[in-house]
Every structure is written in structure tokens, then in C-alpha cells.
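1. please work out how this folds:
(one chain, ligands or ions: 1)
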Amino acid sequence: MIKIDIQSKAYGSLPVLGKVGFDIEAGDCVAVLGPSGIGKTTLLRIASGLDTVFEGQVSRPDRLSMVFQEPTLLPWRTAGENLKLIVGLDDEEVDQALKRVGLDGKADHLPDQLSLGQRRRLALARAFAAKPDFLVMDEPYASLDKALSGEMIELTRDLLRETQVATLLVTHSEIEAEALATRVLHLQGHPALLSNAPG
Ligand SMILES: Nc1ncnc2c1ncn2[C@@H]1O[C@H](COP(=O)(O)OP(=O)(O)OP(=O)(O)O)[C@@H](O)[C@H]1O
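-> Here you go, the predicted model:
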């Protein structure tokens, strides 16, 4: 369904990725692990079409949702409007989507009136409400404490199981990768290549 076939990627004279290729099918969650600066975000930007300057080919469906480390919400719009305006849900669908992520009754709250954990739940609700065929997550729970990241991982795992959306997750966290991924890939070296062994 999603085919990533990168031959090489450089920023100017800095080679970042070598030959990196893998497929993601519906129901798969592929986690890419690797140290800081190895090229994880670069790979994710290429996979999602944000970066088209590379050697190789990527095929992906049009319906794509992204979840970033910082929840990207419209701060001047309520939780409900963040779902309505961006994804086009009606009132009833908004209520259901908020309930699914534990935000019942919060439709009229502005993002500022939500806790960080609640904002992340809203960002997650929005990503899934778009009914994507491809979900891309970049360090989605990096700055959260252990309890909150545990809760978010559990919620994400349930949503992935329910929707079976093909997912690419880029993370530093082995715990996140183990909990969510059906397959874990490691990037290593300069330029980076995939290896299936940790390190
Ligand atoms: N727009 C850019 N222009 C030039 N160099 C860049 C650009 N973006 C990233 N790089 C370089 O490419 C390399 C890989 O960066 P990338 O952000 O993909 O790493 P990462 O594995 O996601 O790191 P982190 O885990 O710290 O977010 C780094 O050396 C970085 O400095």
C-alpha cells in the first residue's frame, strides 16, 4: 500500500540517508528508531511528501494524517471547532470523536483551557477523525511524563487496532516502539541505512 524506496537523500553536501526501503500495509505500524540527528524526521518528511528533494520513489495514498511532538491545534478555535473546521465533522461526530479520546464535554474549550495531555488527545482525535489511509507520527509523546505517555500510548494502540490504519512512527523511545509497532526498524550510520538489530 505504501512503498518507500529511497536511494539517497542529502542536504547540500551532507548525505543523510542511503538506500532505505520498506513497505507499510494496512494494519501495520512501522516504528523507526535511531539516535538524534540520524535522519528520522528526514525519512518521515520524505514518506509523507513534505520533502520531495531526494533520489528514489515513494508511493502513498492521498488521505494522510500527521501527529507531531507539539499538538498543532488552532489556538483561537474551540476543541469542537478544531475537529469541525479541519476534518469537516458535524456536531454529533465531534461529540463521538471527543468521547473516544476521553474529552467528553470539552467541545467548547479553547486549546489553552485544556491540559497538555488533553491537547494531545485532541490532536489524536483530529488525526483519526480524518479517516486517513496513512498515519504519520513524529515523536508524538516525547516530552510527556511516564504516566501520561503510558496513557497516550494505550489510547493510540487501541485506535490503531480499531482503524487498522497503515502507520509510520518515528521515535527515540524503545518503549513507544515496542508498544505500538508491528515492526521496528533501526536507522544507523552516516549516511543512515536500515538495520534490524538494535544499535
Ligand atoms: N533542512 C535541513 N537543512 C540542512 N540539514 C538538515 C536539515 N534538516 C535536517 N538536517 C540535518 O540532517 C540530519 C538528520 O536530521 P533529522 O532531523 O532527520 O534527524 P532526526 O533523527 O530526526 O533527529 P532528532 O531525533 O534529533 O529529531 C542532521 O544532521 C540535521 O542537522
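2. the most centrally placed residue in the chain in helix, strand or coil?
-> By Cα atoms, centre = their mean, the chain has its centre lying nearest to residue 137, at 1.2 Å. Three-state call for residue 137 (DSSP: H, G, I helix; E, B strand; the rest coil): strand.
3. tell me the contacts of it?
-> Applying Cβ atoms under 8 Å, 6 or more residues apart in numbering to residue 137 gives the contacts 66, 67, 156, 167, 168, 169, 170, 171. C-betas here are computed from N, CA, C, even on glycine.
4. equivalent analysis for residue 175, please.
-> Contacts for residue 175 were tallied using Cβ under 8 Å, 6+ apart; they are residue 153.
5. the helix or strand where it lies vs the ligand: in contact?
-> Element membership of residue 175, judged by DSSP states H and E, is helix 174-180. No. Using Cβ under 6 Å from any ligand atom, helix 174-180 stays clear of the ligand, coming no nearer than 12.9 Å.
6. list the buried residues of that helix.
-> Residues 176, 177, 179, 180 are the ones in helix 174-180 that count as buried (16 or more other Cβ atoms under 10 Å).
7. quick one on the thing from earlier: need the contacts of residue 137 in a markdown table with neighbour count and distance to residue 37, can you?
-> Below are those laid out as a markdown table (neighbours: other Cβ atoms under 10 Å; distance: Cβ to Cβ, whole Å):
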| residue | neighbour count | distance to residue 37 |
| --- | --- | --- |
| 66 | 19 | 21 |
| 67 | 22 | 22 |
| 156 | 26 | 25 |
| 167 | 27 | 23 |
| 168 | 26 | 19 |
| 169 | 26 | 18 |
| 170 | 24 | 13 |
| 171 | 23 | 14 |
